[in-house]
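>>> Sequence first, predicted model second:
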Amino acid sequence: MTTFFCMRHGQTDWNQDKRIQGHTDTELNETGREMARQWGKALADNSFDCILTSPLLRASLTADLVNEALGTLPLHTDARLMEQDWGQWTGLTKAELAEIRKQVKTQEYKGFEFRPPAGESRNEVLMRVCDAFLEFADDHAGKKVLVITHNGVLKVLTYALSGLDFMPDDTPPIKPGCLHRIESFENELALGEINMEL
């Protein structure tokens, strides 16, 4: 069994502005850097074997800063852990999305088939992320892996593994700023514990 401990990257200016980042390669702001340093200290007593991260700078830099406190563990990158591609909605703020609310709402009620114009669906994100986890588990059986990724990735995983349909009326299973444990066993993923305090 391989155990993944998953968390989101630190804050960026776009996060602060409530702007959709998608595949845009934004960097951590100073608050985000300090968040990562503090997370590293909080996680220093855990016996992780390695770190797996999205290649986007906000995630990879979070991994680097966390790793400073963990003793420079082996670091692996997988592009399949990137945030959802938000297509034409990339760069919009939540306020700007509200201006096209009807269009957004139509997509939201498609659940895992939610797809921004010219972007990818949540289901496509789920498929690529599951493939990445299962492939990594095959190569790292029995290991404890710290995963640094994105909110959209964590959401699709936890909604799917919780048996939720990702509808607007669903109560989101995860809280921000927490660690989420996912187990891989015999080529399947299962939700262990969510919203673990850092």
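Received the coordinates, thanks. Just so it is clear, the model here is predicted, and its values are computed rather than measured.

>>> ranges for the helices of this protein?
13-16, 30-43, 57-70, 94-99, 101-108, 122-139, 151-161 (DSSP state H).

>>> nearest to residue 197, of the ones you listed?
helix 30-43 (8.5 Å; CB to CB). In short, each C-beta sits where N, CA and C put it, glycine included.

>>> now the closest one against helix 57-70, angle please.
Following axes from the mean of the first three to the mean of the last three CA atoms, to 10 degrees, one obtains 40 degrees for the angle between helix 30-43 and helix 57-70.

>>> For helix 30-43, the averaged confidence score.
Taken as a whole, helix 30-43 has a mean pLDDT of 97.

>>> one step back: mind putting the helices of the chain into TSV with mean neighbour count and distance to residue 22?
Shown next, in TSV, are those (neighbours: other CB atoms under 10 Å; distance: least, CB to CB, whole Å):
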stretch	mean neighbour count	distance to residue 22
helix 13-16	16	10
helix 30-43	17	17
helix 57-70	21	12
helix 94-99	12	13
helix 101-108	12	14
helix 122-139	18	11
helix 151-161	21	8
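
>>> Dump those into CSV; add distance to residue 24 as well.
Output for these, formatted as CSV (distance: least, CB to CB, whole Å):
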stretch, distance to residue 24
helix 13-16, 7
helix 30-43, 15
helix 57-70, 9
helix 94-99, 15
helix 101-108, 19
helix 122-139, 16
helix 151-161, 13
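
>>> who wins for proximity to residue 4 among those?
With CB to CB as the criterion, residue 4 lies closest to helix 122-139 of the helices of the chain, at 6.3 Å.

>>> Disregarding residues adjacent in the polypeptide, which is nearest to the most centrally placed residue in the chain?
Centroid-nearest residue in the chain, with CA atoms, centre = their mean: residue 150, separated by 2.8 Å. Leaving aside its sequence neighbours, residue 150 sits nearest to residue 83 (CB to CB, 6 or more residues apart in numbering; 3.8 Å).
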